[in-house]
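In: got a predicted model here, sequence first, then my questions.
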Amino acid sequence: MTTIGTDVRKLTGRIGAEVVGFDPAGDLDATQVAFLTDALHEHKALVFRNARLDDEGQQRFAAHFGELTKAHPTVPAVEGAPTILPVDSERGRANHWHTDVTFVLNPPKASTLRSLVVPPYGGETLIANAAAAYRDLPEPLRAFADTLRAVHTNDYDYVQPPETVDEQERERRAQFVSRKYRTVHPVVRVHPVTGERGLFIGGFAQRIEGLSVTESRDLLRLLQSYVTRPENIVRVTWEPDQLVLFDNRITQHYAIDNYDGLPRRLNRVTVAGDVPAGIDGRSSESLEGDASHYTSVA
């Protein structure tokens, strides 16, 4: 895929591409935005190297793809920048598979991550193609997944067992669940633009509707194992001045904690999304929590 002076080079067979010869700090016209949108739909995750962006530039770039959300429903934003979430190793580590903010009714449609402080080794981000995972399912399991809905919530221990956390981590957790959210989403989501079907689960999915917690964990673990197959993953190695854009509607990601406690900081800006729908056309439903202060519905 090419446009004038720009090349999109695949990073793996199933997910990820590097955009070469394109400056995300520049003024994008409608043709360029359409080009990047098509590339995003095809490759699910786009990497831009030597992207010399500041906070304002990252927000301006992300806004080409839709209205921005606030930084997070419960976690504070960067001071003076209400749409930027600091992803800082000193404030906790998201080393679990997840799709951003699926515990609200309409999670972001796209996320951008920009490197600020990069450790000399480790700290990569894994991004998985949930559509490829769905296609990998054996037909009987795929047909079963098509019928399921899952409850997503921010109210659970998703990083460390409670016995191992210190006072600082307890305060972070209290902030994270200061407003509690529960939303029922289809397990198989239909992408609103491409029509692809993808497994819409990840770490915030805690229970299958109609099943016990024990039954749900077994089934979610089975489905999740297809998402995290190595064939479905791209491994992004962070460099200074790097920007990553990924489609939050049909991917999951995981920040690897393999850098010996060294500083690692990214800034995240997300684009407002639509309400997910399953293959039967039935939309997601909010069970608890109002996120209107965080995002509008695209």
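Out: Cool, the structure landed. As the structure is a computational prediction, the values presented were derived from the model and not from experiment.

In: check the closest residue to Gly57 other than its chain neighbours and give its pLDDT.
Out: Nearest residue to Gly57, sequence neighbours excluded (Cβ to Cβ, 6 or more residues apart in numbering): Ala25, at 5.0 Å. The C-beta positions use only the backbone N, C-alpha and C, and glycine is treated the same way. Looking at Ala25, its pLDDT is 94.

In: what do you get for Phe61?
Out: So Phe61 comes in at 98 (pLDDT).

In: that one contacts Gly26, doesn't it?
Out: No: contact between Phe61 and Gly26 fails when scored by Cβ atoms under 8 Å: they sit 9.2 Å apart.

In: so those two - more neighbours on which side?
Out: Between Phe61 and Gly26, Phe61 has the larger neighbour count (other Cβ atoms under 10 Å), namely 24 against 11.

In: the bottom helix or strand of this protein by mean pLDDT?
Out: strand 2-3 (a mean of 52; mean pLDDT, DSSP states H and E).

In: immediately after that one, which helix or strand?
Out: Heading C-terminal from strand 2-3, the first helix or strand you meet, by DSSP states H and E, is strand 6-10.

In: in that next one, which residues are buried?
Out: If you call a residue buried by 16 or more other Cβ atoms under 10 Å, then strand 6-10 has these buried ones: Thr6, Val8.

In: for whichever helix or strand comes after that strand, name the packing helices and strands.
Out: Stepping forward along the backbone from strand 6-10, the first helix or strand reached (DSSP H and E) is strand 17-20. Contact here means 3 or more Cβ pairs under 8 Å, 6 or more residues apart in numbering; DSSP states H and E; on that basis strand 17-20 packs against strand 6-10, helix 30-43, strand 45-48.

In: so can I have JSON lines of these showing mean pLDDT?
Out: Converted to JSON lines, the helices and strands packed on strand 17-20 look like this (pLDDT from 0 to 100):
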{"stretch": "strand 6-10", "mean pLDDT": "94"}
{"stretch": "helix 30-43", "mean pLDDT": "97"}
{"stretch": "strand 45-48", "mean pLDDT": "98"}
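
In: indicate which one of these is closest to Thr69.
Out: Closest to Thr69 of the helices and strands packed on strand 17-20 is helix 30-43 (Cβ to Cβ; 17.2 Å).

In: quick one: that closest one to chain centroid distance?
Out: The chain centre lies 18 Å from the centre of helix 30-43; the measure is Cα atoms, centre = their mean, to the nearest Å.

In: got the angle for that helix vs strand 6-10?
Out: Using axes from the mean of the first three to the mean of the last three Cα atoms, to 10 degrees, the inter-axis angle of helix 30-43 relative to strand 6-10 is 10 degrees.

In: could you tell me how many residues sit around Pro108?
Out: 27.

In: wait, isn't it in contact with Val269?
Out: No: between Pro108 and Val269 there is no contact under Cβ under 8 Å: 9.4 Å.

In: where are the low-confidence patches of the stretch 1-150 of the chain?
Out: Applying pLDDT under 70 to the stretch 1-150 of the chain flags residues 1-5, 91-94.

In: the stretch 151-298 of the chain too?
Out: Ranges of the stretch 151-298 of the chain meeting pLDDT under 70: 157-162.
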